[in-house]
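Asks: next come a sequence and a model predicted from it.
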Amino acid sequence: MSAASERQQSRPTTGPPQSADPARGRRHPTHHAIEQRAFLLGLRPGGGDPVANWLRAERELEAELNPAAPRMGAVRRIGERAT
């Protein structure tokens, strides 16, 4: 076994692979992670649309990597009261 393959096998996996966006402080899933999740979504009964699976996978992984990030529906206008 080569040294490179030994290093690759010994790496711990602690969640979806990610890339950083230092300007916004957010983490983003890698293309490969989205691809894997979308594939798994397609294996479910009914399978769904590949594009819809991709977008869902991207949303789910973004939420897992950035749990404190506000959701699109959570944004309020200035002066608007919370209900």
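Replies: Structure's in. What do you need?
Asks: helices or strands next to whatever helix or strand E35 lives in in the packing?
Replies: Using DSSP states H and E, E35 sits in helix 31-43. The contact analysis (3 or more C-beta pairs under 8 Å, 6 or more residues apart in numbering; DSSP states H and E) places helix 31-43 against helix 50-65. (C-beta placed from N, C-alpha, C; glycine too.)
Asks: got the angle between the helix it packs on and helix 31-43?
Replies: Counting by axes from the mean of the first three to the mean of the last three C-alpha atoms, to 10 degrees, helix 50-65 lies at 120 degrees to helix 31-43.
Asks: what is the rounded mean pLDDT of helix 50-65?
Replies: For helix 50-65, the mean pLDDT works out to 94.
Asks: now it: buried residues?
Replies: Across helix 50-65, burial judged by 16 or more other C-beta atoms under 10 Å covers N53, W54, R56, A57, E58, E60, L61, E62, L65.
Asks: excluding its backbone neighbours, what's nearest the fifth one?
Replies: Counting by C-beta to C-beta, 6 or more residues apart in numbering, the nearest residue to E58 once its immediate chain neighbours are dropped is I34, at 5.1 Å.
Asks: list the contacts for the one you found?
Replies: Residues near I34 by C-beta atoms under 8 Å, 6 or more residues apart in numbering: W54, A57, E58, L61.
Asks: run a quick check on the third one versus T30, I expect a contact.
Replies: No. At 10.8 Å, E58 and T30 do not qualify as touching, with contact defined as C-beta atoms under 8 Å.
Asks: coming back round to it: the buried residues of helix 50-65: which two are farthest apart?
Replies: Pairwise distances across the buried residues of helix 50-65 peak at 18.5 Å for N53 and L65 (criterion: C-beta to C-beta).
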